[in-house]
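# for reference, the sequence and a predicted model appear below.
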Amino acid sequence: MKGILIYTTLLSSLMGFMVVDAMPDGAPIEACANLEPMHSDNRRTPGSPLAAIILSDFPGLMYIPGQNYTVTVDATIGSLGFRGFMIQGRAAADLSPVGTFAASGTDYQAVCDNNTAATHTNRDFKGDVPLTWTAPPPGTGAVIFRFSIVEQFSVFWTRQNSQRIEERNDTASSSPTPSMTTTSPAMTATSSMTITSLVTSTATVSPTPTNNIGRGDGGAAGLLTNTTLMLFLAMLLILVN
């Protein structure tokens, strides 16, 4: 009788331990396909889960390929927290795993092929768990985070979806605007052409015949004046050139 009592006590303790705790080392590798916690009873608990995915590090709910972001598994207000979780980035088009999580951090570890998912590392109650996620390469398209939350061994929510985040396309290159340069005609060339035209005009214009009768040396004086003017203009043209 005493042996039966001891056996019953141990069995009750073991069952109680299984009821209140999540798997202590995180979700098993088999959970990578559908994010099921692989507990003995895989029933989905009705209602909203005890946690949500916070995407405040994504401006405008958009991501840049290859950039690191913080994705937070956050307990809902009024709850005691959650014990276990599993989260994975999925392409919105076909739900294939995309992106990678950092290998480890506070209360979490990266799992599944190429570290595409993250899960808990202990069965303590958690208020929030920030995760470092690296966005997938260009051309992936929109992404969601699919996650499962465990409150107790038999109380959990599976395959919950976060908000959708779009891929940001920054393909436009910022090439420098070609500079516009204008070349003004040289002022000296313009001046030279003007003076040349002036000298040519002066040289080709014949003086008006004058009647020098009774005027003495007036005709010679006029010829001297014209010669002096032509010499002056010629010297000026030489100086400008």
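Perfect, thanks for sending it.
# where do the domain boundaries of the chain fall?
According to automatic domain parsing, the chain comprises the domains 21-167, 186-203+224-241.
# of those, which shows the lowest average pLDDT?
Of all those, the minimum mean pLDDT falls on domain 186-203+224-241 (a mean of 56).
# after the longest strand along the chain comes which helix or strand?
The strand that spans the most residues within the chain, counting by DSSP state E, is strand 143-152. Using DSSP states H and E, the helix or strand that follows strand 143-152 in sequence is strand 155-161.
# and that next one, what does it pack onto?
The contact analysis (3 or more C-beta pairs under 8 Å, 6 or more residues apart in numbering; DSSP states H and E) places strand 155-161 against strand 143-152. C-beta: built from backbone N, CA, C; applies to glycine.
# please look at T119 and M86 and confirm they touch.
Yes: T119 lies in contact with M86 (C-beta atoms under 8 Å); the separation is 4.5 Å.
# so for these two, which sits in the more crowded spot?
Legend: neighbour count by other C-beta atoms under 10 Å for T119 and M86, higher for T119 (30 against 27).
# and the more buried one, how far from D74?
16 Å (C-beta to C-beta, to the nearest Å).
# one more: T121?
18 Å.
# ok, now R90?
19 Å.
# is it correct that A52 falls within a strand?
Yes: A52 forms part of a strand when assessed by DSSP: H, G, I helix; E, B strand; the rest coil.
# ok, it - contacts?
Contact partners of A52, counting by C-beta atoms under 8 Å, 6 or more residues apart in numbering, are 73-74, 76, 162.
# quick check, nearest of those to G127?
Closest approach between these and G127, by C-beta to C-beta: D74, at 7.6 Å.
# pull out the buried positions in whatever helix or strand the closest one lives in.
Assigned by DSSP H and E, D74 falls within strand 68-75. Using 16 or more other C-beta atoms under 10 Å as the burial criterion, the residues of strand 68-75 that qualify are 69, 71, 73-75.
# so which elements touch that strand?
strand 51-54, strand 84-91, strand 128-134, strand 143-152.
# quickly run through the sheet partners of it, with directions.
strand 51-54 (antiparallel), strand 128-134 (antiparallel) (DSSP bridges).
# out of these, which is closest to C32?
strand 128-134 (16.0 Å).
# contacts for that closest one, please.
Residues contacting strand 128-134 (C-beta under 8 Å, 6+ apart): 54, 66-75, 85, 87, 89, 99-102, 105-108, 118, 120.
# returning to that earlier point: and the strands paired with strand 68-75 as CSV, adding distance to M62?
As requested, the strands paired with strand 68-75 are exported to CSV (distance: least, C-beta to C-beta, whole Å):
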stretch, distance to M62
strand 51-54, 16
strand 128-134, 14
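# nearest to M230, of those?
Here strand 128-134 is closest among the strands paired with strand 68-75 (C-beta to C-beta), at 86.9 Å.
# mind listing what's buried along the closest one?
Applying 16+ other C-beta under 10 Å to strand 128-134 flags 129, 131-134 as buried.
# which of these lies closest to D113?
Of the buried residues of strand 128-134, the one sitting nearest to D113 (C-beta to C-beta) turns out to be T134, at 14.7 Å.
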